[in-house]
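Peer 1: Sequence plus the predicted model coming up.
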Amino acid sequence: MDYKKVFEKFDGESFFVKTTGRTALDASQKAVLNRKGNTIFNNGDIEGAKRIFITTGYSDGLVRIGDAYKAQGRLLDALKMYWQAPDKTKAEPIIMQLSRLLQDLMHEDEVVPNE
């Protein structure tokens with residue numbers, strides 16, 4: 001498919017195109033950004049640190065962001081960070097908890113006969 005032709009019909013329109021590629025950074029650039037992300041995280045700016053850690057692919061930082069989200073009760077956001085890290089040991093309990101929730105919701109309408 002010729003994507004250029006597809007997007008030509010939107011010339012002049014303002015819209016956002018999401019891409020899936022990571023920014024190419026060398027090891028020293030990643031280290032500098034990760035240190036900055038750690039400082040930002042320690043100062044309480046979780047969202048700012050998250051942007052940096054996602055850009056660099058810093059798994060320990062992503063896990064800490066996930067831990068912060070989990071502490072705030074934001075389980076889906078925590079799961080996203082753990083999944084991206086990847087840290088299956090932290091992701092699996094949330095997946096199980098969400099699975100149980102979905103099962104309960106599906107069976108909520110079932111009537112239990114009185115005995």
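Peer 2: Great, that's in hand.

Peer 1: quick one: low-confidence parts of the protein?
Peer 2: 1-23, 109-115 (pLDDT under 70).

Peer 1: Show me the strands in it, by range?
Peer 2: In the chain, no segments count as strands under DSSP state E.

Peer 1: buried residues in the lengthiest helix in it?
Peer 2: Counting residues, the longest helix found in the chain (DSSP state H) is helix 88-107. Neighbour counts over helix 88-107 (16 or more other C-beta atoms under 10 Å) mark 90-91, 94 as buried. No exception for glycine: its C-beta is placed from N, CA and C like everyone else's.

Peer 1: and what of stretch 38-58?
Peer 2: For stretch 38-58, the neighbour count (16+ other C-beta under 10 Å) marks 38, 40-41, 49-50, 52-56, 58 as buried.

Peer 1: between those, which is nearest residue 27?
Peer 2: residue 56 (10.2 Å; C-beta to C-beta).

Peer 1: contacting residues for the closest residue to the closest one other than its chain neighbours?
Peer 2: The spatially closest residue to residue 56, leaving aside those adjacent along the chain, is residue 30, at 4.7 Å (C-beta to C-beta, 6 or more residues apart in numbering). Contacts for residue 30 (C-beta atoms under 8 Å, 6 or more residues apart in numbering) come out as 56-58.

Peer 1: What about those, which are in helices?
Peer 2: residue 56.

Peer 1: quick one: which of the contacts of residue 30 is nearest residue 106?
Peer 2: The shortest approach to residue 106 among those belongs to residue 57, at 36.2 Å (C-beta to C-beta).

Peer 1: Next, the contact list for the nearest residue to residue 41 once chain neighbours are set aside, please.
Peer 2: Sequence neighbours aside, residue 49 is the residue nearest to residue 41 in space, at 3.7 Å (criterion: C-beta to C-beta, 6+ apart). Residues in contact with residue 49 (C-beta under 8 Å, 6+ apart) are 37-38, 40-41, 61, 65.
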